[in-house]
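>>> With the input below, show me the fold.
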Amino acid sequence: MNQIIRENLSISVNTIDLLNDQIKKEAKASAMYLAMASWCDQNGFEHSANFFYEQSSEERDHMIKIFKFIIDNGGIAYSPEVTQINHEFASILDVYKTALHEEINVSKSIQKIFLNCRKENDVASELFLQWFINEQLEEEQKMRHAVKIYELHGEDVENLYAIDKRLATS
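This next block holds a predicted model:
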């Protein structure tokens, strides 16, 4: 029976496997951002905490979007296990640099899936992933902006909290 189902898919089996791996990455990003929000809250960066709570929610939404895409196209989506999430950061700059690094990794992963879809002529999945590619460009830009601002203004405590507030409005 499983073989019959796999033969009647709207998207390629290889794409399903890659998308299930992406689900894990999105779940990890969501958990990572939740840990970052907690660190920011504990260290008085209220605006950054709110930003990372929102980011955590967005990453979970991305995970669900991929999950449902797989199911809607005849595949089996797997609920991921998330482990080894860092909860300790050296500074607010470290938080944002870590977030930027994660966004870059997620972007590379999505681009890899997109190019695989193109190679396999999986047009439906390629079109689906276009939204994620655009979203990732936006996410990387947000993190780069925050890193640049913190690097420019140094680690003076008053500056750090002023920047935290400023980033909430940008």
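>>> for residue 76, helix, strand, or coil?
Following DSSP: H, G, I helix; E, B strand; the rest coil, the label given to residue 76 is coil.
>>> pLDDT value on it, please?
Model confidence at residue 76, given as pLDDT, is 93.
>>> show me what contacts it?
Contact analysis of residue 76 by Cβ atoms under 8 Å, 6 or more residues apart in numbering lists 16, 70. Just so you know, the C-beta spots here come from the backbone N, C-alpha and C atoms, and that holds for glycine as well.
>>> and it, backbone torsions?
Main-chain dihedrals, residue 76, degrees, to the nearest 10: phi -110, psi 120.
>>> Now do it against residue 43, distance only.
Distance, residue 76 to residue 43, by Cβ to Cβ, to the nearest Å: 41 Å.
>>> same check, this time on residue 55
Separation of residue 55 from residue 43 (Cβ to Cβ) stands at 17 Å.
>>> quick one, which of those two is more surrounded?
More crowded of residue 55 and residue 43, by other Cβ atoms under 10 Å: residue 55, with 23 against 16.
>>> Isn't that one up against residue 99?
Yes: Residue 55 lies in contact with residue 99 (Cβ atoms under 8 Å); the separation is 7.5 Å.
>>> what residues do the two have in common as contacts?
Taking Cβ under 8 Å, 6+ apart as the contact rule, residue 55 and residue 99 both touch 33, 36.
>>> which stretches of this protein have low pLDDT?
Applying pLDDT under 70 to the chain flags the ranges 1-9, 155-161, 166-170.
>>> what ranges do the helices span in the protein?
Per DSSP state H, the chain carries helices over the ranges 2-7, 13-42, 46-72, 92-119, 123-153, 157-169.
>>> how close does the nearest residue to residue 165 once chain neighbours are set aside get to residue 40?
Among residues not flanking residue 165 along the chain, residue 47 sits closest, at 5.5 Å (Cβ to Cβ, 6 or more residues apart in numbering). In this view, residue 47 and residue 40 are 8 Å apart by Cβ to Cβ.
>>> Would you mind telling me which of the two has more residues around it?
Using other Cβ under 10 Å as the criterion, residue 47 and residue 40 rank with residue 40 on top: 22 against 16.
>>> ok, that one - contacts?
By Cβ under 8 Å, 6+ apart, the contact set of residue 40 is 46, 48, 49, 51, 52, 92, 95.
>>> Return the two entries of these that lie farthest from one another.
Using Cβ to Cβ, the pair of these lying farthest apart is 46 and 95, separated by 13.6 Å.
>>> Between these two, which is the more surrounded one?
Neighbours were counted for residue 46 and for residue 95 using other Cβ under 10 Å; residue 95 has more, 26 against 14.
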